[in-house]
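Colleague: please find the sequence and the predicted model below.
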Amino acid sequence: MGPSNDNSSFTVIWQMIQRLCRLYVSKARLDLSEKLARLFSGVALALIVLILGICVMVFLTLALSAVITDVLPDYWSYLIIGGFYVIVILLLIALRGPILINPITRFISRIIVESPLNNTPDDEQD
């Protein structure tokens, strides 16, 4: 009776360990899918904002060029606006760490490192 009882208890423990491992794998898959969904939604939002921002900048540039051409010749207005964009590009290159790299790194690390238990929105914590 002793060896049979030990064998059945070992089988029960083994089945519980297998079930626990399957649950951990299932939880990891759910966490990964949630994090990937949040990451891809952030990327999609950034792309949409970028495309719309480019459209807005084109129209604002054309409007500003039309206003400047009332005072200066056409080529000067285009040179002034082009120079402004060159300065903006140089500033973005010089400050790419604090302006571009740090926010993206913070966003990705917050998604990856954040504990699934702390996913409640701020208004539900009150």
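Modeller: Noted; the coordinates are in hand. Residues are numbered from 1 along each chain as shown.

Colleague: please, where are all the helices along this structure?
Modeller: 2-68, 74-94, 96, 102-113 (DSSP state H).

Colleague: now mean pLDDT and mean neighbour count too, for those, in CSV please.
Modeller: C-betas here are computed from N, CA, C, even on glycine. Formatted as CSV, these follow (pLDDT from 0 to 100; neighbours: other CB atoms under 10 Å):
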stretch, mean pLDDT, mean neighbour count
helix 2-68, 89, 11
helix 74-94, 91, 12
helix 96, 83, 11
helix 102-113, 81, 11
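
Colleague: Ile111 contacts Leu39, correct?
Modeller: Yes - counting by CB atoms under 8 Å, Leu39 is a contact partner of Ile111 at 5.5 Å.

Colleague: which neighbours do the two have in common?
Modeller: Here Ile111 and Leu39 have no joint contacts, going by CB atoms under 8 Å, 6 or more residues apart in numbering.

Colleague: distance of Cys21 from Gln15?
Modeller: 11 Å (CB to CB, to the nearest Å).

Colleague: same question for Val56.
Modeller: Distance from Val56 to Gln15, by CB to CB: 61 Å.

Colleague: cool, and Phe40?
Modeller: Taking CB to CB, one finds Phe40 at 37 Å from Gln15.
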